[in-house]
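Chemist: from the sequence below, what's the structure:
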Amino acid sequence: MQVTVQRNGRKPLVATFGGIPLRRRRNAILTDRELVPAIVPRSELVRRLLAGRCEICGGAETVQVHQIRKLADLEKPGPQRPEWMSLMARRRRKTLVVCGPCHANIHGRPIASTA
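Modeler: Model (predicted):
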């Protein structure tokens, strides 16, 4: 579809809509552009997870991520801050990669015995 607007003393304005024929061409040659791989650096959390080590005890068990809502929660006054809280405050990180027993200890749950 093409629309032309005539103007006095100047070139006419021409607008073309579509431009791609809808009829199928059997001998059409399609050339796809070669994709350029995007190299995205891994985030610090992903690197810490892939290390597979507990950041509290150093164990090489299956790791989990402990997360807090905001860093200000670490600054609450109290009698004695646990080691995990001090570690997160020192690193200024809301996440901590820990093993299962350490994660249960953080949340105050009893550790299930495997015996």
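
Chemist: wasn't residue 45 part of a strand?
Modeler: No. Counting by DSSP: H, G, I helix; E, B strand; the rest coil, residue 45 falls outside a strand, being helix.

Chemist: how near is it to residue 66?
Modeler: Computed with C-beta to C-beta, to the nearest Å, the distance linking residue 45 and residue 66 is 12 Å. All C-beta atoms are positioned from the backbone trio N, CA, C, and that covers glycine.

Chemist: same check on residue 26?
Modeler: Taking C-beta to C-beta as the measure, residue 26 falls 61 Å from residue 66.

Chemist: these two - which one has more neighbours?
Modeler: residue 66 (17 against 4; other C-beta atoms under 10 Å).

Chemist: can you tell me the element that one falls in?
Modeler: Remark: residue 66 resides in strand 63-67, with elements defined by DSSP states H and E.

Chemist: now that strand: buried residues?
Modeler: By neighbour count on 16 or more other C-beta atoms under 10 Å, the buried set for strand 63-67 is 63, 64, 66.

Chemist: pretty sure the last one is in contact with residue 105, am I right?
Modeler: No. Residue 66 lies out of contact with residue 105 (C-beta atoms under 8 Å); the separation is 10.2 Å.

Chemist: between these two, which contacts overlap?
Modeler: Listed as contacting both residue 66 and residue 105 by C-beta atoms under 8 Å, 6 or more residues apart in numbering is no residue at all.

Chemist: go ahead and flag the most central residue of the protein.
Modeler: Per C-alpha atoms, centre = their mean, the C-alpha nearest to the average position across the chain is that of residue 43, at 7.8 Å.

Chemist: now do that one against residue 11, distance only.
Modeler: Distance, residue 43 to residue 11, by C-beta to C-beta: 55 Å.

Chemist: cool, residue 17 as well?
Modeler: Counting by C-beta to C-beta - residue 17 and residue 11 are separated by 19 Å.

Chemist: got it, and residue 86?
Modeler: For residue 86, the distance to residue 11 - C-beta to C-beta - is 75 Å.
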